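S.K.: Sequence unavailable; structure follows:
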């Protein structure tokens, strides 16, 4: 896809999903004028469904009328190579799903004010779309139907942008059967949508409530192992208060979240505008000032903290072994009782595959390290250990006597090699 029309030039591929591929491009005008744009190319298999194409074009034309700071602007619709594309506003940043993953990787939570601000901005965008009227003054009846983290874009400047209005509704109304289209989306549907009932703007309120709950609680609300299990969880609607998971959530915020997630639509916020105003009132009441600049700072700090680092596996393993020694699970001398496989599943060690650990261990010059400490080769020490017949009790006594003294690096590295190999042997013999 080198180009789409003579008006656009594709630079690189950004992302791909069940409905479309997204490219970074530029819009070309007279005198060499170029404007950055995002090109969303609809997958060819969808364009073979005439009902989908009709709905997509109708909804895309409708959504081109949406002009709001919190909604990604659609500039153009076109067709090339038997498929359709949208030229859209280019957002320099990330989607909310990726940001949520970054926060999770750091074992952290979104700050309460930031979580509320994000939900408030999503509700603001939805309120504008829900209230949008045509030239005759009649409501356009726009309902997003797919409010989920991948469809919320966050710019590096702290802007919150909702996207994919037209695509979501086109897929919904065309009832496309391709499973890839809806994969992962059931977790953000409202109960009435799961039951196949006609939905209204309150469905988008419910989806926004799910996002707010997940931002506060740091985990998925409806996360079944299969789509069927997820649907069952949505139907049941058993939702814990965020304050039961996180102590810094005020009961007043609990009330707002649970109201947005009310299974009965009559008990839910009756509009996205109402949800937006409640969140704004909560922030004001508790003097929780937050703006786009605060969000930009949060994103910048988060991005800086997630820079790729070279992992020194032997060093990390030594730290793990030292912790095991400290809590009394490991005797640092050779020949100790093999660790259970569960003992190796600590927070940092679990981030590596065992094969990678073993590969790194094979590069550790154990003999050189031992000889440097005057201990002889590893083979000599193992042979000496067998001949000495030293018992576990004597080793334990020796360990206690040496408490408070640092362990030589060669001993810890050797112990690591033996422990990992012993754990693997136990695992595969008891599998």
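M.R.: Now that the structure is in, tell me what you want to look at. Since we're looking at a predicted model, the values are computed, not measured.

S.K.: Point out where the stretch 101-250 of the chain drops to low pLDDT.
M.R.: Flagging of the stretch 101-250 of the chain using pLDDT under 70 yields the residue ranges 166-184.

S.K.: again, only using 90
M.R.: Judged against pLDDT under 90, the low-scoring parts of the stretch 101-250 of the chain cover residues 133-135, 137-143, 145-146, 164-186, 193-199, 223-228.

S.K.: Let me see the ranges of the helices in it.
M.R.: Assignment of helices within the stretch 101-250 of the chain using DSSP state H, counting those that start in this stretch yields the ranges 112-131, 165-174, 179-182, 191-194, 201-217, 227-236.

S.K.: which one of those has the most crowded surroundings?
M.R.: Ranked by mean neighbour count, the helices of the stretch 101-250 of the chain are led by helix 201-217 with a mean of 25 (mean count of other Cβ atoms under 10 Å). Every C-beta, even on glycine, is put in place using the N, C-alpha and C of the backbone.

S.K.: And residue 48, what's its pLDDT?
M.R.: What the model reports as pLDDT for residue 48 is 83.

S.K.: and the angle from the helix or strand residue 274 falls within to helix 112-131?
M.R.: Element membership of residue 274, judged by DSSP states H and E, is helix 272-285. Taking axes from the mean of the first three to the mean of the last three Cα atoms, to 10 degrees, one finds that helix 272-285 is oriented at 150 degrees with respect to helix 112-131.

S.K.: and the angle from helix 272-285 to helix 201-217?
M.R.: Helix 272-285 and helix 201-217 are oriented at 30 degrees to each other (the same axes, to 10 degrees).

S.K.: which strands and helices sit next to helix 272-285?
M.R.: With contacts taken as 3 or more Cβ pairs under 8 Å, 6 or more residues apart in numbering; DSSP states H and E, helix 272-285 sits against helix 112-131, helix 201-217, helix 251-260.

S.K.: Just the residues contacting the shortest one, thanks.
M.R.: So that's helix 251-260. Applying Cβ atoms under 8 Å, 6 or more residues apart in numbering, the external contacts of helix 251-260 come out as 112, 116, 205-206, 208-209, 212-213, 216, 239, 241-243, 267-269, 275, 278-279, 282, 285-286.

S.K.: so which of the helices and strands packed on helix 272-285 gets nearest residue 233?
M.R.: Ranking these by their distance to residue 233 (criterion: Cβ to Cβ) puts helix 201-217 first, at 11.2 Å.

S.K.: What is that closest one packed up against?
M.R.: Helices and strands touching helix 201-217, as assessed by 3+ Cβ pairs under 8 Å, 6+ apart, comprise helix 96-105, helix 112-131, helix 191-194, helix 251-260, helix 272-285.

S.K.: how close does residue 96 get to residue 62?
M.R.: Summarising the geometry, the distance separating residue 96 from residue 62, computed by Cβ to Cβ, to the nearest Å, is 24 Å.

S.K.: More neighbours: which of those two?
M.R.: Set side by side, residue 96 and residue 62 show unequal neighbour counts under other Cβ atoms under 10 Å, the larger going to residue 96 at 22 against 19.

S.K.: doesn't residue 161 make contact with the more buried one?
M.R.: No. The pair residue 96 and residue 161 does not pass the contact test of Cβ atoms under 8 Å, sitting 10.1 Å apart.

S.K.: list residues touching both of these two?
M.R.: Common neighbours of residue 96 and residue 161 (Cβ under 8 Å, 6+ apart) are 152-154.

S.K.: among those, who's most crowded?
M.R.: If you count neighbours using other Cβ under 10 Å, the busiest of the shared contacts of residue 96 and residue 161 is residue 152, which has 27 neighbours.

S.K.: Not counting sequence-adjacent ones, nearest residue to residue 120?
M.R.: residue 279 (4.3 Å; Cβ to Cβ, 6 or more residues apart in numbering).

S.K.: The one you found: neighbouring residues, count only.
M.R.: As a burial measure, residue 279 scores 27 neighbours (other Cβ under 10 Å).

S.K.: residues touching it, list them.
M.R.: Residue 279 makes contacts with 116, 119-120, 123, 256, as judged by Cβ under 8 Å, 6+ apart.

S.K.: Export those residues to a markdown table and append columns for distance to residue 185.
M.R.: Formatted as a markdown table, those follow (distance: Cβ to Cβ, whole Å):
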| residue | distance to residue 185 |
| --- | --- |
| 116 | 24 |
| 119 | 19 |
| 120 | 23 |
| 123 | 20 |
| 256 | 24 |
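
S.K.: From those, pick the one nearest residue 67.
M.R.: Residue 67 has its nearest neighbour among the contacts of residue 279 in residue 123, at 18.0 Å by Cβ to Cβ.

S.K.: didn't that closest one look like it was pressed against residue 272?
M.R.: Yes. With contact defined as Cβ under 8 Å, residue 123 and residue 272 form a contacting pair (4.5 Å).

S.K.: Take the helices of the stretch 101-250 of the chain and lay them out in a markdown table including distance to residue 249.
M.R.: Converted to a markdown table, these look like this (distance: least, Cβ to Cβ, whole Å):
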| stretch | distance to residue 249 |
| --- | --- |
| helix 112-131 | 6 |
| helix 165-174 | 30 |
| helix 179-182 | 31 |
| helix 191-194 | 24 |
| helix 201-217 | 6 |
| helix 227-236 | 21 |
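
S.K.: pretty sure residue 297 belongs to a helix, no?
M.R.: Yes. The assignment for residue 297 is a helix, going by DSSP: H, G, I helix; E, B strand; the rest coil.

S.K.: what's the burial count for it?
M.R.: Should you count by other Cβ under 10 Å, residue 297 turns out to have 13 residues around it.

S.K.: so what's it up against?
M.R.: Counting by Cβ under 8 Å, 6+ apart, residue 297 makes contact with residue 158.
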